[in-house]
Each structure stands twice: as C-alpha cells, then as structure tokens.
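1. Below are the sequence and a predicted model; questions follow.
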Amino acid sequence: METTPSLLQRYRRDRRKLIKFLLSPAAGFVKELRNSSNSISSVDYDTLSADYILHCIQSNGILDISEATRKFTEEAQYPITMDSELGDTYFLVSDPESAGSPPHRAPPPIVVNHSSSNDLHPSDLHDSLIAQKISVPSHESKDKYAANKQKWKPVNRVLSLGLPALHTGLSDDDLRESAYEILLTCMAFYGLEIYIFEDQKKDKSSGFLAGLKNKKDKKHPRSQSQSPERHDEVINTIRVQMQISEAMDACVRQTSMQFASRKACGQLDIPQISLGLLNGIFKSDFLYEKPYMQWKKRQANILEEVFISANHLITDKQVIDTLLAKMNNSEEWDNLMSTSERTEVLAAIRQVSLLLSSVNGHFGIQGETCYWATSYHFNIRLYEKLLFGIFDILDEGNFIEEADEFLKLCKLTWSTLGITQKMHNALYGWVLFQQFVLTEEEMLLDHAIIEVQKLLSAESSRGKDEEYINSLVCYIECDDSKSEMSLVQAILWSITYWCDSKLQDYHLHFSEEHDFFAKVLTLASVLRNKNYGAQDENKLTSDALSGPDIVHVKMYVERSVEAAYRRIEDNMNLGSQMERGNALAVLANDVRVIAEKELNLYSPVLCDWYPESAMVAAKLLHQLYGERLKPFLEQVSSLSDEVKLVLPAVGSLEHGLTLLFSSTCKANESRSFSSLELDRYQVGKFSRPIILEWVIAQHARILEWTGRILDLEDWEPLSYQQKHSSSAVEVFRIIEETVDQFFGLRLPLDITHLQALLSIIFHTLDSYLHKVCSHIVDKHHLYPPVPPLTRYKEAVFPMIKKKVVENVLLEEEINGNLVELTVSKLCIRLNTLQYIQKQMGILEDGIRKSWGSATISDNSRGCEESRETSETVSEYSESVDELFVATFDSLRDTAADAIKRTCEFIGARVVFWDMRDTFLFRLYRGSVGSARFDNILPNFDSVLNNICDYVDDVLRDLVVASICKASLDGFVWVLLDGGPSCAFSDADINMMEEDLNMLKDFFIADGEGLPRSLVENEAQFAHQILNLYSLQTESVIQMLMTASELIPTGVESHKHRHRHLVDAHTLVRVLCHKKDKEASQFLKLHYQLPASSDYEDESPLKEPGLKPPMMADLLRNTSMQWSNNGHDSFKSIKKKFQKVTSEIRHSGSLSYS
C-alpha cells in the first residue's frame, strides 16, 4: 500500500539536504572538518546537531563531527518543542488526560516492523510515530456524534490511491531522481538534443541552490522557440524542480545521449534505462562515495522492483536473484569484482530484460510491453513525481513558467511508463488536487476541476485502453472496509471522499473562503453521481458514493452544524468553573456566530442545491440550544445577574436564527413555507413581568436621589461656560443611566414598559421643576408700601408733620425666600430651566431611537410573520407617539411656565426690591427738575451688566424684557403712588416725557437691545398716564365723574393686579399728584384728603422684608394692586365715589372753597 510521507518526514528529508549542503566543501562555510574517518561520505547527517553546526559556522568554521553527534544525542533526550520564546510548548506521544497516572514499571521495548513502513528512512520512524499520535482525535469527542445516523471520520489529507506497495523500499527521493533520469533518457531517445555547456560559469553557491530562481522576477521572458538553448533552459528548470544536482545532471545527460545513440529503434523500458545508466556512470564520476552508493543502490532496487513484479514471467528466477544480490553487495561489486565481471553481470541482467520486453502485451495496445501491467504501481508513482515538478518549489501554490513545455516533455515518457491520455488526465487532476490540499491555493482547485471534467466528459468505451485502465487495480481502505477499484475510480473516489469529509464539517474547514467552499461543493456534486463500481464483494457502502444531491447537502448541513455546536459546547464544558448563567450566555453568543456564518457564508451557496438548507440549520441550532436553555427559563423569577446575561444573549441568538430561517423564504419567494415556523424560546413571556418590576423599583430610587440632590444644591454655576447648576446635570445623568440600563437589558419590550419608563422621567423632572420654582414668592410681596393719598398744598408755617405709615415685617418664610433668592441665584435657576428644556429634547430623541431599534429587533420574524410585524409597528406607532407627547410636551409646558415666572420675578425683584431706594424712592422726589431719570440711569446700566454676566445668552432678551416691563411699571408707580413728596405741574410733563423716552432708549440700545415695538408696547400705559397729567384739571374731574357712574353698572371693574387708564382709582391718583389748586380744592371738598404738607418728606423704611400695613384711611389700600383681604375697603371707596358723583350732579356745578 502507498504511504504518503507526513509533514515531519518531509522536514527530516529537507534537514538532511541542508546539513549536507552546509558541510560540503563547495559551500565554503566549514573551514576544517574534524572526523575520525577523515571522510565525509560516512557521516550520518540525521545524527548531527543543527544548532551546533550553525554555531561553528558563525564562530570559527571548525566543526567536530563527534561533538555534533554528542550534542544531537543530548538534545534528543528533551521533548520535541516548538519555536516559542519560553520553549515550553512541546508534542506528547500520548494523550495526557486519557493516559491516567504514570506507570510504575519500565516500558516494553519498541519493535519496528520495517516491512510495513514503505520508503521511510530509519531516522523518520520516530517522527512518523509522533505524527500518527498527533493526528489522533481526543477521547472527549468519542461520544459527541453518536446521534448521527451514520458514523464518519474527518480526513485531514487526501487518501492514498491504494497502489500496491513497493517491494524494495524505494523512497520519494529515489522515485523523483529516477523519474528525472527516465525523462532525460526518453528525450534523448526521441531525438531531442540535450546539450551540456562545459564552459558555463559556476556560481559560487551550491549548484542545487543556484537554480532556485523565482520565475516571477523575470522581467523579459525569452522567446518560446524550440532552440537548443531553450531546450537546455527548460531542462535546467526541470532539474531544479526535481532537485537534481548539476554534477548528477551532467552524468545523466551524457549517459542518456550515449544510450540513445546506441539504441536506434525498439521499445524503451525502465530496465533498459537503468542498465544503460549503470554501464555509463561509474564511481569515479562522483565526488564522494556516499552519493554513488545511494545511486547504485537505487538502480539495483529499480531493477529488483521491476523483476519482482514480473516474477511470473521469469523462467530462471534464481539467476536473476543472484545477479541482483551481487549488485546490492557494495563490497563485492565495487572492490572484489573487476570491470569485466561487472559488465558480464549487467549483460546477463540485460538478457532477462530483453526477454521480458519481447513478451507481447496483454491488451494489444500499440507500444505496450509487459511492464505496463506488471509494474503499473511503480510506473504511476514515477509519473506522479514528474507531474509534481510543474509546481514552483519556492511557491508551491503556483506553476512554473515552463509548465506547458514540461507537460509536453512528460508525454514522451508515456510509452515507457504505460500512460494513456485518460490516465494522464486522471493523474494530472489527482496531482493538482493533492497540491491544492497541501497549499490551499484556489487556482489549483480550479485546474483540478477542469481536469476532472475532462475525465468525466470523455466517452466511456469498452476498447483496449479502457480494459487496460480497468486492470490497474487499487485497494481503497476506509471506515474498516476495503474495496478494489480501477485507477480512475480510485482517484475519483478519493477526491469525493475528501470533499465529503470536509463538507460534513464545513464550519471547521471553510471558515472564511466563500468561493473556496462553493468550488469544493461543486466538485463533490460533479463527482457524486459517478458510478464507482467495485471489483469485488468488499465494495464500499459509504453514502457519499451515490444518491441525490439534496440528500447529501442536507446531510452536510446537519452534520456540520451539529459538529460546530458540539465543539463550542465542549469548549464551554472545559471551563466548568463558569456559572451556569454565564455559560449559557457564552454558548448563546457562540451559537449566534455559527448562525451568522451560516447566513452570510454557507447558505447562499448551499441553497443552489438545497433551498431549505438555511431553514434546516436554523431549526437544528434552535433545537440544540433549546435543550440547554429550557431548564434555566423555568427557574426565572427576578432580574438577577444571571438573567441579565442569559436572556439578552438568547434574544440576540433568536434574532440571528430568525434571520437565518427567513432567508429561505426570501431566496425562494415562489415557494410556500407557510406550514414551516421556527419555534420561539418565549423569552418575552419570562422577561416582561420582571422588567416591569425592575422599572417600578427604579422609580422610587430616582425620586429619592433627586430630592437629595436638590437639598444639597447651592445654585452656583458649574463653570464660566456652563452657567447652569450641577443638580440638573446629576438628575439627567441618573435618568440617562436608567434609560441605558433599560434598553441595555436587550430584552423584548412592549408599550407597558415604555409607559413605565416615561412615567419615571415625567415624575422626576416634574418634581425637579416644581422644587426649583417652589421658593419663588408672589410679586406683590416685593412692592413698596403704598403711601397715603393726599392733596397737594405747600406748607406756609412750620408745623409738626405726620409720618408715613409704619411698615409691618414680612412672614418669616417669605422673608427667608427673598433673602435666598438673589438675582445671581435666580439667573442660575433660569439657566438650569433652559438646560432642562434642551436636554429633554435630546433625551426624547434618544429614547425614541432606542425604542425604535428595540422594537425592530423584537418584532423581527420569519417570512410568514413579516406582515404581522408591519401591522404591529403601525398599531403601536400612534400609541407610542401619544405617550411621548403626553410626557415631554407636558414637561416642556411646565419648564416654559417656570422660565416665564422666574423671568417676571427677576424683573420685579430688580426694580421693586433691589432698586427701590435708587429708583422708586428717588425719582421726582421733592421736584422733577432735581430728581431726573438721568441721575438714575447708571444704576440700571450696572445692574443689567451684572445680570448679563450670569444669565445664558439664549435667555438674555427674556430677562432684559422682564426688567424693562418692571422698570416701566416702576415709572408708573412713581407717577401714581409716589406719595406726598411727588407733585407734578404742567411744566414738569415735558421733562417726564423726556425721562420716559430716555428709559425706552436705554432698553432699545440703538437697535442692539430689545425690539422697539416691544418697548413701545410696554411703555404705552406710561405715556397715557402722562397724557392725563397734561389735561386740564376740569377734564380729569369730569372723567372721574364718568368713571364713578360706571361702578354701579359693573362696567368699570378694578381687576386684580391691573390698572385701567380711565377707572376712578387711576383718576383720583392723578388728581392727588397734580400740582394744581383746583384739583386740591376738589379733593379737599369731596374726599377730605389731607394736605401733602402735613407729611414728612422722607422715604419709608428701606429695610427689605417689610410690607405695608392695613390703612385706615378711605383710599389707603388702593395701591397698584389690591390685597386679598381688601374687599371691604373696595366696597367703601365705591360708595364714596357714588356719593360724590350724586352731590355734584345735584348741585349742577362745581364750586370749591
């Protein structure tokens, strides 16, 4: 049986060649070689330490063979290690886990059966054992695939063709060198000139390495003409590819030309070639003895192999055995026998060879010899070695440039090796496929597929060639069964078996290359329908040999998916220290990766043969993981750490499986899959109640934290750029963390969960907004005490004057709030409200986006459920929008109202509280000319500058507009409630108009401040009051009488906190402040108001926190606004107005004393 050399065996072979090159005198690396035998031919290169040799070359170039052998023996005592930094990675001959405890007895001696090891060098035996042990699967996987309907074994390399074994132990190197010799001899025999250039310049380096040139580096390829130089160039390339030294090549060329010149006609066979070489090449042609011994032994083994195969045709077997024994005895052949004796032995062997050559072929093919049938196992091996020469030895995945010419030259050996066109196609495809398996180069697979298609497309005939090919028997062993096949059948079956073995675990073998997987599947599909008829009763029964494609593809899917799942399950079981929940989550994620690879890499290819492949994979993965998940789901009761790990992973897995399952429907829209559904894990059934419980628990926690944050707030800005409070940032951080945790659960969500989340946000922000504005007191507490109503009269004689009414202290809570609510802190509160408005928009957009993503993920279904998904989204969309509108619009309204209220309070505080003394109690006090507005304007400018430093730019105009409105209200307050010290003559009106315009221009600020229209609208009432002062006193009295008449009808009303231009209250105050004798007499006669000269000219107490007392006089309570308990006073003034009006109309005229 043929044995393919393992990787370690090839490594050992290459190691011998490299050491031989380093020690050769031609290389020049070793200056002095110390050896007891004084000859390098007797050195065993396999027992020399490579590390020691390299060390000697790098140091002084002196090498001691005995020391190199001793070093190698010491190194052999250590385990075989890999090239790692620590040197702690090594191969074990046995499985440490299954071996158990170490034995306490000495191991038995190892008995090596050399007859069962074909072509193995003795030093390769240990490597072979190691390679066999490494390829044995672990004991843990023995029971993993017991559930499969049919047992299968993964194949890591191409199966052997099962050619009969060689009897003489010829190695791969022997076969390769012999194939080269046969090729050169056939070329010379068929008339191709083989030139030898003696004057060719020798490279300083080794002849072997001199020819190793990458053909890709040739920038100017030579012409392909059939010139002698071109022949020599091609032959030299072949020599390099076949790894033949220049010296050996020269000998073979010369001898081949001599042999071809002597043999003018006839059939050329292998024994004649070997005998011709033995006659023409001598020991003196070799530089060293060992290469000659190896070459001679190889030639003897070739002859012995050929004759043993044709043993039934040889009459005198004992003679040929004797002759071959003499050749194999080196001492006798080279030392004891003379040249003539050796020539006689070779002549005797030639006679036997000629007798065999004269035997007619069994099948009657032209040029056929008996060697075609008797030595086919040897001939095919030789031809394989030739075909392997087309691959670049420096880049084994590519062809050499001369590949086409090489193949034409190989055709010259067909008659010698018994090769036909069909055999060539089969063997060439087989060689291409083996090289593809070795290099995984996709281009080689393409060429192999082409050759297989040529082979299968050839018409099958019952002619001589077909009978000959069918007679070439190969013995295939697989799955404990054995079968006889023809050569072509064996090749096709081996390729098919490899493809099937890889495809049955395509997740492992085709993890990345999509096209690679598709081509292997195509090759398997082409080969699978081939009839692999067997020659005996022990034919193979593997289901990979026949059957419809759909059955096999389904088998590939099921076995590969299950194998991939079992692998990750085994890896998870190795980490047994993991908790159950964590293990289930890891398993779910790994299964999802399998599903994604199935969807993206494999399913698009498999569906061409089996449209339901994705559906089968999805259902199988769902079933396998469901068996592990079901016990866990039955115990879910709360949102524990395990649940947080497992359920999201399960949700992601189910989503991936759904995509995989539904891809079948998308790829096959014409087919109906309505009866097929992917069962659900029902994660939502277990997660919905525990999510709701979690959200409710977060509600109370967030409200508690919000309260604590506000209690610690000092209303200082975060920084110069961030002028809002830290508490708002912290509140939104808590809310955003809760939202992230909510959607980070990655569990199925419904509208109830969203409603609960939005409820948390609403109550948190609503509570914060109300607490921010809860300390803002009513504006009427800011207004100064109302002075008594008086009539203007100048003092003539000094007298004791009355004092303005005493003030009453504010309530303690209100006073505390006013002390705390400074303008700077009010600005920070205002900035905070603006920050909340901005962040609410960002928060809403984020929640909407996260909800949309969660809904799409949760509603992902298969092809049948796609319509239900769209209907569900459409149904929930309106309800979701209503929830967002109800939550965030309400919060926006609350924030906007809080901003408005705060702005109004800032304006009232600035004018009526902070600037009470500098503005209200100073303007026009004593006389208009001495207390004009231009003296007060710098105070306004200073206050506004300070406020603009605190307030955000977005809110600046709102705050300034509030201060503007309050300033104009203050101006009106001076005109109507200025007290006994304020009296205005007709000459003062123009100055007061100028002051009002000055106040307006201050806020307009040449177009850079408030809009003029806004300021004019706010100043309209002040202008109207000034217009009343400009009227004649008689006109004002007449207007008062008219206004008094409207009181009984209810047309005139004094609305709370508002003044009217023509109501009785406003008109009485205008008369009180007019510096006019007629007005004074009217007020004295009809209202009995005291004279202004009876009161001291001083301001009320200036301490903040005081409020005006209840006045006993008739109109003492009628200030800019009415108190809540002033209803009785309001009734009394209405009665007085009615009485005065009645008296005036009864008398018919106005008379004053």
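-> Everything's here; your move.

2. And the longest helix along the chain, what does it pack against?
-> In the chain, taking DSSP state H as the definition, the longest helix is helix 823-858. Contacts defined by 3 or more C-beta pairs under 8 Å, 6 or more residues apart in numbering; DSSP states H and E place helix 823-858 against helix 641-667, helix 726-744, helix 751-773, helix 866-884, helix 890-909, helix 937-950. Every residue, glycine included, has its C-beta placed from N, CA and C.

3. which residues of the stretch 901-1050 of the chain fall in helices?
-> Ranges of helices in the stretch 901-1050 of the chain, per DSSP state H, counting those that start in this stretch, are 937-950, 956-977, 988-1004, 1012-1030, 1033-1049.

4. What angle do helix 641-667 and the longest helix of the chain make with each other?
-> 50 degrees (axes from the mean of the first three to the mean of the last three C-alpha atoms, to 10 degrees).

5. Lowest mean pLDDT across the helices and strands packed on helix 823-858, which one is that?
-> Lowest mean pLDDT of those: helix 866-884, a mean of 65.

6. re the thing from before, any idea which of the helices of the stretch 901-1050 of the chain gets closest to residue 754?
-> Closest to residue 754 of the helices of the stretch 901-1050 of the chain, according to C-beta to C-beta: helix 956-977, at 34.1 Å.

7. Report the angle between that closest one and helix 988-1004.
-> Using the same axes, to 10 degrees: helix 956-977 against helix 988-1004 is 170 degrees.

8. Restrict helix 956-977 to CA atoms and write it as CSV.
-> Output in CSV follows, covering the C-alpha atoms of helix 956-977 (Å, rounded to 0.1, in the frame of the first residue of the first chain):
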residue,chain,number,x,y,z
ARG,A,956,-30.8,87.4,27.9
ASP,A,957,-33.5,89.1,26.0
LEU,A,958,-36.2,87.4,28.1
VAL,A,959,-34.7,88.7,31.3
VAL,A,960,-34.0,92.2,30.0
ALA,A,961,-37.6,92.4,28.7
SER,A,962,-38.8,91.5,32.1
ILE,A,963,-36.7,94.2,33.7
CYS,A,964,-37.9,96.7,31.1
LYS,A,965,-41.5,95.9,31.9
ALA,A,966,-40.8,96.2,35.6
SER,A,967,-39.0,99.5,35.1
LEU,A,968,-41.9,101.0,33.2
ASP,A,969,-44.3,99.7,35.9
GLY,A,970,-42.0,101.4,38.4
PHE,A,971,-42.2,104.6,36.4
VAL,A,972,-46.0,104.4,36.5
TRP,A,973,-45.8,103.6,40.3
VAL,A,974,-43.9,106.9,40.8
LEU,A,975,-46.5,108.8,38.8
LEU,A,976,-49.5,107.4,40.7
ASP,A,977,-48.1,106.2,44.1
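
9. circling back: buried ones in the longest helix of the chain, by neighbour count?
-> By 16 or more other C-beta atoms under 10 Å, the buried positions in helix 823-858 come out as 823-837, 839-840, 843-844, 847, 850-851, 854-855, 858.

10. Count the neighbours of the nearest residue to residue 263 once chain neighbours are set aside for me.
-> Excluding its sequence neighbours, the residue lying closest to residue 263 (C-beta to C-beta, 6 or more residues apart in numbering) is residue 189, at 6.9 Å. Residue 189 has 24 neighbouring residues, counting by other C-beta atoms under 10 Å.

11. before we move on, what about residue 362?
-> For residue 362, the count of nearby residues is 15 (other C-beta under 10 Å).

12. Then residue 340?
-> Using other C-beta under 10 Å, residue 340 has 8 neighbouring residues.

13. That one and residue 347, how far apart?
-> Distance of residue 340 to residue 347, computed by C-beta to C-beta, to the nearest Å: 10 Å.

14. what does residue 972 give?
-> Distance of residue 972 to residue 347, given as C-beta to C-beta: 145 Å.

15. where does residue 398 land on pLDDT?
-> pLDDT recorded at residue 398 is 92.

16. ok, now which ones touch it?
-> Each residue near residue 398 by C-beta atoms under 8 Å, 6 or more residues apart in numbering is listed here: 216, 391, 392, 441, 443.
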